[in-house]
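>>> Quick one: sequence and predicted model below, then my questions.
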Amino acid sequence: MTFDLAADLEKRRQQHRFREPLVMDGPCGRHARLDGRDYLNFCSNDYLGLANDREVIAAFQQAASEWGVGSGASHLVCGHQRPHQDLEEALAAHTGRERALLFSTGYMANLGVISALLGKSDAVYEDRLNHASLLDGGLLSGARFRRFAHNDAGALAGQLQRSEARRKLVVTDGVFSMDGDEAPLAALADVCEASDAWLMVDDAHGIGVLDEMGRGSLFAQGVNSRTQILMGTLGKGLGTGGAFVAGSHELIETLIQFARTFIYTTAMPAAVAAATLVSLEKSRQENWRRQKLAALITRFRAGVGELGYTLMASQTPIQPILIGSDSDAMALSAALREKGFLITAIRPPTVPEGEARLRVTLSAAHELADVDALLTALESAKKDC
């Protein structure tokens, strides 16, 4: 038996789907430095511009001097330090939950939660456009796995009505990472309540961004009390790294006992937790960041519409321009890079076949002049490509 890895790699190249990491020579922010050149960066998830904020950096530096650069162990051995505890308590209060639990990444949080709660006698129902970590978590759990049409509460209701599973868990993104649209959480909660199912929301792209205090999709849509499980990440709107799950006391205790991705991994550095405490408070207090984002989104959508591009339906900082073919998306990305703009082409399998796109992301670190410059570049590239 042989592993013909070279053939698989060559097929990826021929499909225009070969991926390579870009080596950045500067911090995440308004600009990205790559191969000795500065670009306006329109592809990071640093929605509030906190990843390179001076106060957040100062908090990290101070905590590193006090707590070191590594936790040294898992949370359940000796890696759970005071900044971790303080951050969990702050996140619980921020999200209106009894407790919160830190995970090293959002991917690990989603794998851990779903596999800890479900088994072979249970069923999990997932939106077709859910993030890969949610889909993988459902498959890893061993539960009966069902996918429902994107944002279609009616289709979900039909599936739930036919289920005789012991536990039924409905899982959705709050804001879909590649489309930028939002889940209809109230409708999904209605369906869950009618079928004795739990609702889990991955709000990685909503935390910090939505609601006047950055509490995310559940508060923006008024369903916080109707959603049993909230997962949020710290490396997007909050600008640091890691993730958390928030919910009832019983939920968090269950995860501590049974979530393997929590139990068997080293805790994040305490300095990251300390820095996140500062970025969380800034996200709560500095609503001007969200107001600025809203102005940038309005300007961008109006301008792209006038240029004739196909812009997907999104009111969030994720603003995908639908292109279609992989090669055309790559060509437009390359043309914009030549003009000084860094925007990644997103291709299958990350998105469905025939739906390659440029995923433009806006940040409070941007200025209106940056958006106008991007619109000018898009207009020029449309003529060239």
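Thanks, I have it. Numbering: from 1, shown residues only.
>>> what about the residue nearest to the spatial centre of the chain, distance to Glu250?
Compute the mean C-alpha point of the chain, and by C-alpha atoms, centre = their mean the closest residue is Ala204, 3.6 Å away. The gap separating Ala204 from Glu250 is 24 Å, by C-beta to C-beta, to the nearest Å. Heads up, the C-betas are built off the backbone N, CA and C, glycines and all.
>>> in the chain, which ranges drop under the pLDDT threshold?
1, 385 (pLDDT under 70).
>>> which residues sit against the longest helix anywhere in it?
Longest among the helix segments of the chain by residue count, using DSSP state H, is helix 288-307. Counting by C-beta atoms under 8 Å, 6 or more residues apart in numbering, the neighbours of helix 288-307 from elsewhere in the structure are 47-49, 209, 212, 214, 283, 311, 315-317, 319, 321, 360, 362-364, 366, 368, 371-372, 374-375, 378-379, 382.
>>> let's see 6 Å
For helix 288-307, contacts defined as C-beta atoms under 6 Å, 6 or more residues apart in numbering pick out 48, 311, 317, 319, 362, 364, 366, 368, 371, 375, 378-379.
>>> ok, the closest residue to Ser248 other than its chain neighbours to Tyr309 distance?
Beyond its immediate neighbours in the sequence, the residue positioned closest to Ser248 (C-beta to C-beta, 6 or more residues apart in numbering) is Glu98, lying 5.2 Å away. Taking C-beta to C-beta as the criterion, Glu98 is separated from Tyr309 by 46 Å.
>>> for Leu375, same thing?
Leu375 sits 10 Å away from Tyr309 when distances are taken as C-beta to C-beta.
>>> distance between the ends of stretch 342-349?
One end of stretch 342-349 to the other measures 21 Å (C-alpha to C-alpha, to the nearest Å).
>>> follow-up on the earlier one: could you tell me which residues touch both of Leu375 and Tyr309?
Common neighbours of Leu375 and Tyr309 (criterion: C-beta under 6 Å, 6+ apart): none identified.
>>> ok, which stretches of the stretch 1-150 of the chain are strands?
Counting by DSSP state E, counting those that start in this stretch, the stretch 1-150 of the chain has these strands, from start to end: 31-34, 37-41, 99-103, 123-127, 144-148.
>>> so which of those is the most packed in?
With neighbours defined as mean count of other C-beta atoms under 10 Å, the strands of the stretch 1-150 of the chain peak in mean count at strand 123-127, which reaches a mean of 25.
>>> so that strand versus strand 144-148, what angle?
An angle of 20 degrees separates the directions of strand 123-127 and strand 144-148 when computed by axes from the mean of the first three to the mean of the last three C-alpha atoms, to 10 degrees.
>>> Okay, now the sheet partners of strand 123-127, with direction.
Here strand 123-127 is paired, per DSSP bridges, with strand 144-148 (parallel), strand 168-173 (parallel).
>>> okay, the first one in CSV with CA atoms only?
Taking only C-alpha atoms (Å, rounded to 0.1, in the frame of the first residue of the first chain), the coordinates of strand 144-148 have been written out as CSV:
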residue,chain,number,x,y,z
ARG,A,144,-27.0,10.5,14.7
PHE,A,145,-26.0,13.4,12.5
ARG,A,146,-28.4,15.5,10.5
ARG,A,147,-27.9,18.7,8.5
PHE,A,148,-30.7,21.1,7.7
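>>> who touches it?
Outside strand 144-148, the residues that touch it by C-beta under 6 Å, 6+ apart are 123-126, 128, 138-139, 155-156, 159.
>>> Show me the helices in this structure, by range?
Listed in chain order (using DSSP H), the helices of the chain are 5-14, 54-67, 82-94, 106-117, 132-141, 153-161, 185-194, 217-220, 249-258, 260-263, 270-285, 288-307, 326-338, 368-384.
>>> Contacts only, for Val69.
With contacts taken as C-beta under 6 Å, 6+ apart, Val69 has the following neighbours: Pro269.
>>> what about 8 Å?
269, 271.
>>> My read is that the residue nearest to Ser248 contacts Glu253, right?
No. In this structure Glu98 lies outside contact range of Glu253 using C-beta atoms under 8 Å: 10.2 Å.
>>> chain center to stretch 129-148: distance?
Relative to the mean C-alpha coordinate of its chain, stretch 129-148 is positioned 16 Å out (C-alpha atoms, centre = their mean, to the nearest Å).
>>> Equivalent analysis for stretch 42-51, please.
12 Å.
>>> contacting residues around it?
The contact list for stretch 42-51, computed with C-beta under 8 Å, 6+ apart, reads 27-30, 32, 52, 56, 205, 208-209, 214, 235-240, 279, 282-283, 286, 289-290, 293, 317, 341-344, 359-366, 374.
>>> hey, what's the closest residue to the residue nearest to the centre of the chain other than its chain neighbours bridged with?
Beyond its immediate neighbours in the sequence, the residue positioned closest to Ala204 (C-beta to C-beta, 6+ apart) is Thr233, lying 4.2 Å away. Note on Thr233: beta-bridge partners Ala243, judged by DSSP bridges.
>>> Just to check, Thr233 is in contact with Ile207?
Yes. Counting by C-beta under 8 Å, Thr233 does reach Ile207; the two are 6.9 Å apart.
>>> I appreciate the help and will end here.
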